[in-house]
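J.: turn this into a model:
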Amino acid sequence: MSVAELKELREDLYELKDLRRVAKRPASRQLLDPKIEEVAQLLEKLLAENKASQTADGAKEVPSKSYIVNLQTYSWDQSPKFTKLYVTIPGLSPSNSSQVSCNFESQAVTLLVKDLNSKTYKLVITNLAKPIAQERCHYKVKDEMVVVLLSKEREGVHWPAVTAEESKLKSKNKVEEPNAAADPSSNIMGLMKKMYDDGDDKMKQMLNKTWYETQAKSGGGAGSAGGLGGMGGFGGMPDMDL
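T.: This next block holds a predicted model:
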């Protein structure tokens, strides 16, 4: 039975009950009572059947599967106020904004795009290079992309990378640029000393040999320069028989 028909039956029952309340003659009441009971039972039965039908229809619905895609890549840049992440999401548009959410913590961010073309996209960064001001962070949904704006806790601070690990790795691998105003030989010496300090025994032996030959050609002899740091050879190693 349709909703409209159920409504009509319910109103019939209300009207019968109203008539029963105003009826003064016993005979009138005897006529109304069985009809009220009949309509009430019918209404209760139909409501129960309607509810059972809705439950069965709901059980037949197969929920759509959504596969989680863990995002690992993004591009980024920064301004004095924000570090900006550009996350590509295929098929995304501003009309899908209700499916996008972003959670910000002091040094973490989680981006979630739910149920987009049977996929849920997730980007989690738990170790940002610098602290962020959570209350000032936000995001923008664009075509094929979400732009996440991480508000720097301290404005004007330069981020060498997005994550702490990347920042440390970048710092470790950074080669010190020669000082143009300094003595060229001093710059070369600094680079050779770094190579010596970081190298294995074979590398150190080769550098000591190069040092020995360079000093011999200059006419000063291997011992005259005293190696780096005022000691024989490089980095404090004794002069080697080469």
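
J.: what pLDDT, on average, does stretch 72-87 get?
T.: The average pLDDT within stretch 72-87 is 97.

J.: my bad, should have said stretch 103-115
T.: For stretch 103-115, mean pLDDT is 96.

J.: for stretch 37-48, same thing?
T.: On average, stretch 37-48 scores 85.

J.: buried ones in it?
T.: Val39, Leu43 (16 or more other Cβ atoms under 10 Å). Quick note: C-beta positions are derived from backbone N, CA and C, even for glycine.

J.: and for stretch 101-116?
T.: Buried residues in stretch 101-116, defined by neighbour count with 16+ other Cβ under 10 Å: Cys102, Phe104, Gln107, Val109, Leu111, Leu112, Val113, Leu116.

J.: next: stretch 74-89.
T.: The neighbour-count check on stretch 74-89 (16+ other Cβ under 10 Å) flags Tyr74, Phe82, Thr83, Lys84, Leu85, Val87, Ile89 as buried.

J.: what's the straight distance from one end of it to the other?
T.: 10 Å (Cα to Cα, to the nearest Å).

J.: how far away from the center of its chain is that stretch?
T.: Taking Cα atoms, centre = their mean, to the nearest Å, one finds stretch 74-89 lying 12 Å from the centre of the chain it belongs to.

J.: okay, buried residues for whatever helix or strand Leu6 lives in please.
T.: Leu6 is part of helix 3-22 when elements are defined by DSSP states H and E. Going by neighbour count (16+ other Cβ under 10 Å), the buried part of helix 3-22 is Leu9, Leu13, Leu16.

J.: what sits against Glu166?
T.: Ala129, Pro160 (Cβ atoms under 8 Å, 6 or more residues apart in numbering).

J.: can you give me how far the helix or strand hosting it is from the chain middle?
T.: Using DSSP H and E, Glu166 sits within helix 164-173. Put simply, helix 164-173 sits 20 Å off its chain's centre (Cα atoms, centre = their mean).

J.: equivalent analysis for stretch 104-119, please.
T.: Relative to its chain's centre, stretch 104-119 lies at 5 Å (Cα atoms, centre = their mean).

J.: start and end of it, how far apart?
T.: Termini of stretch 104-119 sit 22 Å apart (Cα to Cα).

J.: for stretch 137-152, same thing?
T.: 9 Å.

J.: which parts of it are buried?
T.: Cys137, Tyr139, Val141, Met145, Val146, Val148, Leu149, Leu150, Ser151, Lys152.

J.: hmm, who's touching it?
T.: So stretch 137-152 is contacted by 78, 80-94, 96-97, 100, 102, 104, 109, 111, 113, 128, 130, 132-134, 136, 159 (Cβ under 8 Å, 6+ apart).

J.: taking those one by one, which sit in strands?
T.: 78, 82-88, 100, 102, 104, 109, 111, 113 (DSSP state E).

J.: if we can go back for a sec, now go through the buried residues of stretch 137-152 and say which are in strands.
T.: Using DSSP E, the members of those that fall in strands are Tyr139, Val141, Met145, Val146, Val148, Leu149, Leu150, Ser151.

J.: from Lys84, how far off is the fourth one?
T.: It stands for Val146. 11 Å (Cβ to Cβ, to the nearest Å).

J.: kind regards, and thank you for your time.
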